[in-house]
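Colleague: Okay, sequence plus prediction incoming.
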Amino acid sequence: EFNASGVSTTGVKPKWIFTTGAAITSSPVVVNNVLYIVSDDKKIYALNANSGALIWSYTTGDVVRSSATITGDSLFIGSNDGYLYCLKTTDGSLVWKKKIYTSGSVKACPTVAYNTVFATWHGMFETTNTVGLDIKTGNEKWRYRRARANEGAISADATRLFFPSSDNVVEGAHIATEQTAFYRTGDHNKGSMTILDENTVLYAKETAIQAITKTGGLVWTTNVGIGADQDLSPLTTPAVGTANIAGIPTKMIYWGTLKNSIMALKADGSQLWHRKDFTAPFNSAPVISQNVVYVGNDDNKMYALNAEDGSTIWSYTTGGVIQTSPWVENGVVYLSSSDGKVYAMQSDTVSAINNLNDQLIKISPNPTTEKLFIKSNQKIDYVRIISSSGQVVDLMEESGFQQVPVNQLSNGVYTIEMYSKKTKIANAIFVKK
């Protein structure tokens, strides 16, 4: 899961919209209440995540398609001008920039591990490699020489890097030795590999999703099953997260396909559901938060889907295709579109949640196992508890609520609505464990 809380109700509308100077084909990143986004106008923007106000911007030498990676007070970003940049997050000033190849561009999001920033220079006519640079100086300290032209972001565990390349190869490399951990050919993928567990990684292979061991052995394959298999060069990355399925926290995989569908799989590759009624392909990697799957589509819409059954909770139409992943944090869904805009989406429910502090209403503990304690400056006389699927599972009426028993609930994510004198004054999301 990316974040702790998401927008899971209807009535969603933009909290703010920020317009850049060109199309956006990278995903937003939010750290310490600052949103970082890049654009084809060659700029990197830092925005106030609450208001959308510009904090700073930095101009590179060409369009920027790489999402930002933040470590401490450093921001790492790649550009089509062939440079990997390190900027200060505080003011956007340049710390260093490095160009490894004369014709290669940095399209994928950099990865930071062991005080090293790993990136791949994508060169159409030049042999390029995955390179690791010192995060402080930009000096080269690592290089994997076997791979060429990787377009997907690098994934990392404690000892290895995982990445696909556009030469129909997916690979693993040992960080300590710069040597190959595995090498699989015939697997065309321009997305990123997702770590499923301590032994397994995932990747989208044309019209199938595959799980392999971290030494390259095949674990399972699940096909999309729509039409003939084609060399679709999928850009999407499978998302892994925990969802509440039939009241049980379950590790799940969600994948949007180029066959106009989205799949929900369990960790063993078995299918939970598969929605095939979309009119355009998915080039966006999903994000899972609070039993909601957020995913963009080439029909210009951002969708919020019920993680348990795939039904649409809400959708929002932008002015361009959405081939980027959203970022979900503190009840806000941040998304970018090829219309050149960044949207901060918020619902009426989330507005009420944010009013908790204003009204001095607090619930604790969260997560909880037995009871929720309510501290309020108003007299609460009625509460409703609603499941993540929207079903009212409990109603309670009492003069001056101070605690609410929840031990009877199944494990999962719920919303509690609090009323005073028959008027709803606040909502809050809680987790029953």
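Modeller: Sure thing, it's come through.

Colleague: Please report the distance of the one residue sitting closest to the centre of the chain from Gly296.
Modeller: Nearest to the mean C-alpha position of the chain, by Cα atoms, centre = their mean, lies Val287 at 4.2 Å. Applying Cβ to Cβ, to the nearest Å, the value for Val287 to Gly296 is 10 Å. In short, each C-beta sits where N, CA and C put it, glycine included.

Colleague: likewise Ile154?
Modeller: Note on Ile154: its distance to Gly296, by Cβ to Cβ, is 22 Å.

Colleague: how close does Ala68 get to Thr25?
Modeller: 14 Å.

Colleague: hang on, I meant Lys276
Modeller: Lys276 is 26 Å from Thr25, by Cβ to Cβ.

Colleague: And for Ala428?
Modeller: 36 Å.

Colleague: More neighbours: which of the two?
Modeller: Higher neighbour count among Ala428 and Thr25: Thr25, with 24 against 21, using other Cβ atoms under 10 Å.

Colleague: list the contacts for the nearest residue to Ala285 once chain neighbours are set aside?
Modeller: Distances taken as Cβ to Cβ, 6 or more residues apart in numbering put Thr237 closest to Ala285, at 4.0 Å, once the chain neighbours are dropped. Applying Cβ atoms under 8 Å, 6 or more residues apart in numbering, we find Thr237 in contact with 152-153, 191-194, 203-204, 285.

Colleague: Distance to Ser311 for the residues you listed - can I get that in JSON lines?
Modeller: Below are the contacts of Thr237 laid out as JSON lines (distance: Cβ to Cβ, whole Å):
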{"residue": "Gly152", "distance to Ser311": "30"}
{"residue": "Ala153", "distance to Ser311": "30"}
{"residue": "Gly191", "distance to Ser311": "26"}
{"residue": "Ser192", "distance to Ser311": "28"}
{"residue": "Met193", "distance to Ser311": "29"}
{"residue": "Thr194", "distance to Ser311": "24"}
{"residue": "Tyr203", "distance to Ser311": "27"}
{"residue": "Ala204", "distance to Ser311": "23"}
{"residue": "Ala285", "distance to Ser311": "20"}
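
Colleague: from those residues, which two are the most distant?
Modeller: Ala153 and Ala204 (13.4 Å; Cβ to Cβ).

Colleague: More neighbours: the two, which one.
Modeller: More neighbours surround Ala204 than the other of Ala153 and Ala204, with 30 against 23 (other Cβ under 10 Å).

Colleague: what bridges to the more buried one?
Modeller: Beta-bridge partners for Ala204, by DSSP bridges, are Ile209.

Colleague: pretty sure it is touching Gly191, no?
Modeller: Yes - Ala204 is within contact range of Gly191, at 5.4 Å (criterion: Cβ atoms under 8 Å).

Colleague: OK, contacts around the nearest residue to Ala46 once chain neighbours are set aside?
Modeller: Nearest residue to Ala46 in three dimensions, chain neighbours excluded: Ile55, at 4.3 Å (Cβ to Cβ, 6+ apart). For Ile55, the contacting residues are 34, 46-48, 92, by Cβ under 8 Å, 6+ apart.

Colleague: how about a cut-off of 7 Å?
Modeller: 34, 46-48 (Cβ atoms under 7 Å, 6 or more residues apart in numbering).

Colleague: Show me just the buried residues among these.
Modeller: Burial by neighbour count, 16 or more other Cβ atoms under 10 Å: within these this picks out 34, 46-47.

Colleague: Throw those into CSV and include secondary structure and pLDDT, thanks.
Modeller: What follows is those, written out as CSV (DSSP: H, G, I helix; E, B strand; the rest coil; pLDDT from 0 to 100):
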residue, secondary structure, pLDDT
Val34, strand, 94
Ala46, strand, 96
Leu47, strand, 95
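
Colleague: quick revisit: ok, the contacts of Thr237 vs Tyr254, which is closest?
Modeller: Nearest to Tyr254 among these, counting by Cβ to Cβ, is Ala285 at 8.9 Å.
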